[in-house]
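A.B. asks: Turn this into a structure:
(one chain, ligands or ions: 1)
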Amino acid sequence: MRKLPTLTTERLVLRPFLLSDAAMVQRLAGSREVADTTLAIPHPYLDGMAEAWIATHEGAWTRHESATLAITEAEEGLVGAISLRIELPQRRAELGYWIGVPFWGRGYATEAVRAVLAFGFGRLSLQRIYAYHFVRNPASGRVMAKAGMQLEGTLRGHFYRWGSPEDAAIWGLCADRSE
Ligand SMILES: CC(C)(COP(=O)(O)OP(=O)(O)OC[C@H]1O[C@@H](n2cnc3c(N)ncnc32)[C@H](O)[C@@H]1OP(=O)(O)O)[C@@H](O)C(=O)NCCC(=O)NCCS
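C.D. replies: As a prediction, this is how the structure comes out:
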């Protein structure tokens, strides 16, 4: 696949980001609540950061490093982001995602995760997809559970965010095994 794909679910279209999404990315990812439980989202989210981030996506996809897609809904437009950070020699990828605060609790993250798992195991032929969440962020664990991932363990003080260590839960799913 030369270009980043577009994936369609019942309510969502997961498509490559456009530079024209930048203002909405800054607004949604710029909220403290979204940055709070992620590692990669800067805070404060300054002008130009969204454009710079979006500009990396096609190259990272072409180099088989990552697949990053905008989560969009027909009426709302951009509601979030989802990515696979690919480690091709291991045939595995780390999943990450966020949903803008106004759209929490509608099942969008779960729907997007299901589609990206199918894409990773199907078209990318991955053998393992895994993800972390801070233990203090149980909503993300719930998303992974609903999408069929398995809780594999808890890593104490695995991450450092906002000047404090964070315990992390790790979840995974393998192509050939359901448990
Ligand atoms: C985590 C996040 C992606 C969830 O997105 P979402 O679209 O609201 O998720 P869904 O609606 O698909 O599912 C959320 C589930 O968590 C549950 N939930 C919400 N708050 C919860 C809490 N404090 N404790 C336990 N479960 C909780 C919801 O009830 C729902 O489960 P249910 O369908 O069984 O009722 C979103 O809150 C977010 O973007 N947070 C900030 C960024 C982030 O943490 N990203 C993930 C990093 S690992």
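
A.B. asks: contacts and neighbour counts: CA atoms only from here.
C.D. replies: Noted.

A.B. asks: Show me what from the protein comes close to the ligand.
C.D. replies: If contact is defined as Cα under 6 Å from any ligand atom, the residues of the chain in contact with the ligand are 34, 37-38, 97-99, 104-110, 132-133, 138-140, 142-143.

A.B. asks: Grab the longest helix from the protein for me.
C.D. replies: Longest helix in the chain by number of residues (criterion: DSSP state H): helix 108-121.

A.B. asks: can you give me the helices in the chain?
C.D. replies: Remark: helices of the chain, listed N- to C-terminal, are 22-29, 32-36, 49-54, 57-62, 108-121, 138-146; assignment by DSSP H.

A.B. asks: Turn those helices into TSV, including mean pLDDT, distance to Thr154 and mean neighbour count.
C.D. replies: As requested, the helices of the chain are exported to TSV (pLDDT from 0 to 100; distance: least, Cα to Cα, whole Å; neighbours: other Cα atoms under 10 Å):
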stretch	mean pLDDT	distance to Thr154	mean neighbour count
helix 22-29	98	26	19
helix 32-36	98	19	15
helix 49-54	98	30	17
helix 57-62	98	30	17
helix 108-121	98	21	20
helix 138-146	98	12	18
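
A.B. asks: possible to save those helices as TSV with distance to Pro5?
C.D. replies: Shown next, in TSV, are the helices of the chain (distance: least, Cα to Cα, whole Å):
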stretch	distance to Pro5
helix 22-29	19
helix 32-36	25
helix 49-54	15
helix 57-62	10
helix 108-121	9
helix 138-146	22
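
A.B. asks: closest one to Thr72 among these?
C.D. replies: Closest to Thr72 of the helices of the chain, according to Cα to Cα: helix 108-121, at 9.3 Å.

A.B. asks: Restricting to C-alpha, output that closest one in CSV.
C.D. replies: Only the C-alpha atoms of helix 108-121 are listed here, as CSV (Å, rounded to 0.1, in the frame of the first residue of the first chain):
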residue,chain,number,x,y,z
TYR,A,108,-16.1,6.0,19.1
ALA,A,109,-12.8,4.8,20.5
THR,A,110,-14.0,1.2,20.7
GLU,A,111,-15.3,1.3,17.1
ALA,A,112,-12.1,2.8,15.8
VAL,A,113,-9.9,0.3,17.7
ARG,A,114,-11.8,-2.7,16.3
ALA,A,115,-11.3,-1.4,12.8
VAL,A,116,-7.6,-0.8,13.3
LEU,A,117,-7.1,-4.2,14.9
ALA,A,118,-8.7,-5.8,11.8
PHE,A,119,-6.6,-3.7,9.5
GLY,A,120,-3.4,-4.6,11.4
PHE,A,121,-4.0,-8.3,11.5
